[in-house]
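>>> Let me see the structure of the following:
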Amino acid sequence: MTNSFKDFHPVVNFYYFTVVIIFSMFFMHPIFLGISLISSFIYSVSLNGKKAVKFNLLYMLPLLIITAIMNPVFNHQGVTILFYLESGNPMTLESILYGVAAAVMFISVILWFSGYNAVMSSDKFIYLWGRIIPGTSLIISMVLRFVPRYKAQIKIISNGQKCIGRDVSNGNIIARARNGIKILSIMTTWALENAIETADSMKARGYGLKGRTSFSIFRFDRRDRITFLSMIGLTIIILLGSFLGENTIIYYPIIKIKAITVFSILVYIAYILLCMMPFIIDLKEEIKWRHLNLKE
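From the prediction side, this is the model:
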């Protein structure tokens, strides 16, 4: 599926991911957690396809299970005792449910950040914050692209070393360790040189100087205004629901959750629409393009 949401204005992209990540971190209500997890999973799959499915099954699912298990093992709060461990500590229903909720929240945030990395490029981030915090925005931009760029570079270095028989797969254990240290040393040198070149390049362009003008390809058009206002409207409904306690849940010492009402259903629908908005936009564009191709 095409990543049409990426073509929106940086303000729209940044606002969306900031809101959904903050909501995912602080809303521990099971319905909100489920909406966030399902939406982030669907969006990650729509962006990366089978690669995302493989990543979620191989890494996110085990991480979800491990994180969910850790809380009831070390936290024994709650009044609903299910059984006792060999150590004599009780295993409570409340600690298990809170562990599951915390695990879902953790995985959801990771998936949202993966979507953020696919949509928010370094150019967009610098465009938003370059004039306000030029030095900090440059550093954050470099950090955000650290993993994918350095991962690609270390693969290039490893392939180069492998061609001359100095890869981590060549020789005995000592030789492999020596080759690994050599690759790490080359990688560190490249990273430092790249950081210096970037800093010198930005300084030569007058980055961060007062009164400096800059060219930008981003324009806040009608499509961006409609989407942005829709996001703000949905956010207001969700915040109003949060203020009225529609997303409130107490796990300890006993689980207490507010009954579902007509307004709470409205808040849930608003949260679904907010979380699914990029996927809806991408799906709409995909259908549009297929319809145009069929006409041809």
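>>> does the closest residue in space to E246 that isn't next to it in sequence sit in a helix or strand, and which one?
In space, and not counting its chain neighbours, E246 is closest to S264: 4.4 Å by CB to CB, 6 or more residues apart in numbering. Placement of C-beta: from N, CA and C, glycine included. Assigned by DSSP states H and E, S264 belongs to helix 262-295.
>>> Summarise which helices and strands that helix is packed against.
Packed against helix 262-295, as judged by 3 or more CB pairs under 8 Å, 6 or more residues apart in numbering; DSSP states H and E, are the following elements: helix 10-26, helix 30-48, helix 222-243.
>>> Give me the mean pLDDT for that helix.
Averaging pLDDT along helix 262-295 gives 85.
>>> picking up where we left off before, mean pLDDT, mean neighbour count and distance to G165 added to the helices and strands packed on helix 262-295, as CSV?
Listed next are the helices and strands packed on helix 262-295 as CSV, based on pLDDT from 0 to 100; neighbours: other CB atoms under 10 Å; distance: least, CB to CB, whole Å:
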stretch, mean pLDDT, mean neighbour count, distance to G165
helix 10-26, 92, 19, 45
helix 30-48, 89, 21, 35
helix 222-243, 93, 15, 54
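>>> Look at the nearest residue to T80 once chain neighbours are set aside and say how many residues are nearby.
Nearest-residue entry for T80: L93, 3.9 Å, with adjacent residues in sequence omitted and distances by CB to CB, 6+ apart. Residues lying near L93 (other CB atoms under 10 Å) number 16.
>>> Tell me if I'm right that L93 and Q77 touch.
No - contact criterion CB atoms under 8 Å: L93 and Q77 do not qualify, at 10.8 Å.
>>> intersection of neighbour lists for these two?
The contact sets of L93 and Q77 do not overlap (CB atoms under 8 Å, 6 or more residues apart in numbering).
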